[in-house]
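Participant: sequence first, then the predicted structure:
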Amino acid sequence: MSPVTRLFRESAFLLGPIGVGFAVLATIILLFFAYRFERFVAVRYLQRTASSRAVRVGLYVALAGVAAGLGMLAMSHGRVRGLETAAVVLTLLAALATLLFILLRVFSVFTTVSTMGVVLGVASLVVVLAVTSGFEHEFQDKVLAVNAHLIVTSYGLERDMAEAERDAQVIKKSLAGLPGLERMSTFSFTAGEVMIGKVGANLKGVDLSDGAPELRRIMVSGSLADLGRPAQCAEAQPAPDPAEPVGRIILGSELARRLHSRVGECLQVLVPFSGGIDSAPSAYTFRVVGISSLGFHEYDARLAYINLEDARRMGNARQSIFGVELRFADPMEAVRIEPEVERRLGPEARVIDWKTLNRNLFAALSMQKLVIAILLFFIIVVAAFNIIASLMLIVLSKVREIAILASMGARAATLLRVFLAAGTFVGFAGTGLGILYGLAICGLAALYGYPLDPKVYLIARLPVQISVREILLVAASTQLICFVATLYPAVRAARLRVVDGLRYL
């Protein structure tokens, strides 16, 4: 597949749902506002017949609860966790009660129940999609902080240092001038686990010639510059060989915790089976010059960084993977341009993009998001049945009014549009309020910072990522469901005979 064809297909996949969403929303909105008489009658049918003092009092109490919850949250944020939790719960419950009483002031009880079903379904869908998108975004950031957008290596490990260096230079020369390419750097990675102290881990060799900005951003203690400076470990036990230079290493935060190691201390790195199964492992002395924290438990517990000089030295004892990392201005550009990279380098090079390297992770996240979204859409479908029931009750209770309109010259199409407008109005109200309530939940969740177990979820806080495209799709899908649910009651009202209604006068 050519890069142009691939780009066109990906663009169509992304823009297709957005275009459909816009088309559905635009069509329904135009139909709703195009017919003023039908819209006026529909709103009158849905409105509450009489004001209620209890509803007004409930609305004021709910608004006071929202204000109290926000005030408690402002005072306790970052100070008293228990009070902050109570403030968030109070705010959400009071906000939901506010929506309920607002609807009760405008709509009848049956219409309010139908609209609240749509509100809860839409809000749940917005929150779940925001959280799953947050997980996907967080994992993407974590992955790209460790791995480049494109990784280019040579097939096989049986290569000496000179061959690895020549391969890296050929790769860099062949890929110079790629569109969107920002940086190329040489890297190494241990082909198997090494023992740092008594803990198994992997070592990644980084090229310091370009400043290693990704590693610099995740440093929490120590200095990245010390990774390239000479180091001494006179206090190490056993004493290192004076003829063997001391290496420099940056440990992941969880790995450092497990090793009980701090910046400035020295440790031993053992390379198992470096000289064969029966030989003693090669040991290297390293000085800890920094601690990094990615916030991704799997990486923080199993990954340490060394410079390429030390990686080459250890590569003589145990074969490592050497290659070139490519970083682009846009991560998706790397996926699109991968075929061009493969064409330039030929079959001897292996090219892996960041999505392929973590295919299982992102595939699982996408499948999880899809399944949860489908399940939550059933909540909206259930709410649509409530809309059918509510409109059918309106049709039965407004038989005389419908007959009067028909006797005054209103056609069946006019009566059909009246109830289509009624269902559309319920859909608008439920979708709009549901999106607002869902965004409020997302905002409070981001502000509250719900803690997660990093050993289970790989990250420490609940992530929230709002996507305009997903909100648009939710709004369009919900409105379409509500519109379809309105068809049966509207058809029943349009087919009502005038004589059947006038006999009740």
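Facilitator: Sure thing, it's come through.
Participant: pass me the low-pLDDT residue ranges in this protein, would you?
Facilitator: 1-33, 49-51, 155-162, 191-192, 234-244, 272-281, 315-319, 455-456, 458, 497-505 (pLDDT under 70).
Participant: name the helix or strand for residue 262, please.
Facilitator: Using DSSP states H and E, residue 262 maps to neither a helix nor a strand.
Participant: would you list the phi and psi of it?
Facilitator: Taking degrees, to the nearest 10, you get phi -130, psi 170 for the backbone angles of residue 262.
Participant: which ones are touching it?
Facilitator: Contacts for residue 262 (C-beta atoms under 8 Å, 6 or more residues apart in numbering) come out as 256, 288, 291. From N, CA and C alone the C-beta is placed, and that goes for glycine too.
Participant: can you tell me which of those are buried?
Facilitator: When the contacts of residue 262 are checked for burial by 16 or more other C-beta atoms under 10 Å, the buried set is 256, 288, 291.
Participant: so which of those are in strands?
Facilitator: Using DSSP state E, 288, 291 are the members of the buried ones among the contacts of residue 262 that sit in strands.
Participant: any chance of TSV for the buried ones among the contacts of residue 262, columns distance to residue 249?
Facilitator: Formatted as TSV, these follow (distance: C-beta to C-beta, whole Å):
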residue	distance to residue 249
256	10
288	6
291	10
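Participant: ok, so of the buried ones among the contacts of residue 262, who is nearest residue 62?
Facilitator: For the buried ones among the contacts of residue 262, the residue nearest residue 62 by C-beta to C-beta is residue 291; the value is 48.5 Å.
Participant: report how many residues lie close to residue 38.
Facilitator: With neighbours defined by other C-beta atoms under 10 Å, the count for residue 38 comes to 22.
Participant: from residue 486, how far off is it?
Facilitator: 12 Å (C-beta to C-beta, to the nearest Å).
Participant: residues shared between the contacts of the two?
Facilitator: Residues touching both residue 38 and residue 486 (C-beta under 8 Å, 6+ apart): residue 420.
Participant: if we ignore the residues flanking it in sequence, what's nearest the residue nearest the centre of the chain?
Facilitator: When C-alpha atoms, centre = their mean is applied to the chain, the residue found nearest the centroid is residue 133 (1.7 Å). Nearest residue to residue 133, sequence neighbours excluded (C-beta to C-beta, 6 or more residues apart in numbering): residue 465, at 4.2 Å.
Participant: same check, this time on residue 148
Facilitator: Nearest to residue 148 is residue 325, by C-beta to C-beta, 6+ apart, at 3.3 Å.
Participant: same check on residue 450?
Facilitator: Closest to residue 450 by C-beta to C-beta, 6+ apart is residue 462, at 4.0 Å.
Participant: that neighbour and residue 298: what is the separation?
Facilitator: Remark: distance between residue 462 and residue 298 (C-beta to C-beta) = 18 Å.
Participant: my read: the residue nearest to residue 450 touches residue 128, true?
Facilitator: No - using C-beta atoms under 8 Å, residue 462 makes no contact with residue 128, being 11.9 Å away.
Participant: so which residues of the chain form strands?
Facilitator: Assigned by DSSP E, the chain shows strands spanning 150-154, 181-190, 194-196, 199-206, 219-222, 247-252, 266-271, 282-292, 303-307, 320-328, 349-353.
Participant: tell me which of the ones you listed sits most buried.
Facilitator: strand 247-252 (a mean of 26; mean count of other C-beta atoms under 10 Å).
Participant: now that one and strand 303-307, what's the angle there?
Facilitator: Angle of strand 247-252 versus strand 303-307, following axes from the mean of the first three to the mean of the last three C-alpha atoms, to 10 degrees, is 150 degrees.
Participant: with only the CA atoms kept, save strand 247-252 in CSV.
Facilitator: Taking Å, rounded to 0.1, in the frame of the first residue of the first chain, the C-alpha atoms of strand 247-252 are listed here in CSV:
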residue,chain,number,x,y,z
GLY,A,247,30.0,2.9,34.5
ARG,A,248,27.3,5.5,35.1
ILE,A,249,23.6,4.5,35.4
ILE,A,250,20.2,6.1,35.9
LEU,A,251,17.7,3.9,37.7
GLY,A,252,13.9,3.9,37.4
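Participant: which one of the contacts of residue 262 is nearest to residue 233?
Facilitator: Within the contacts of residue 262, the smallest distance to residue 233 is 9.9 Å, found for residue 288 (C-beta to C-beta).
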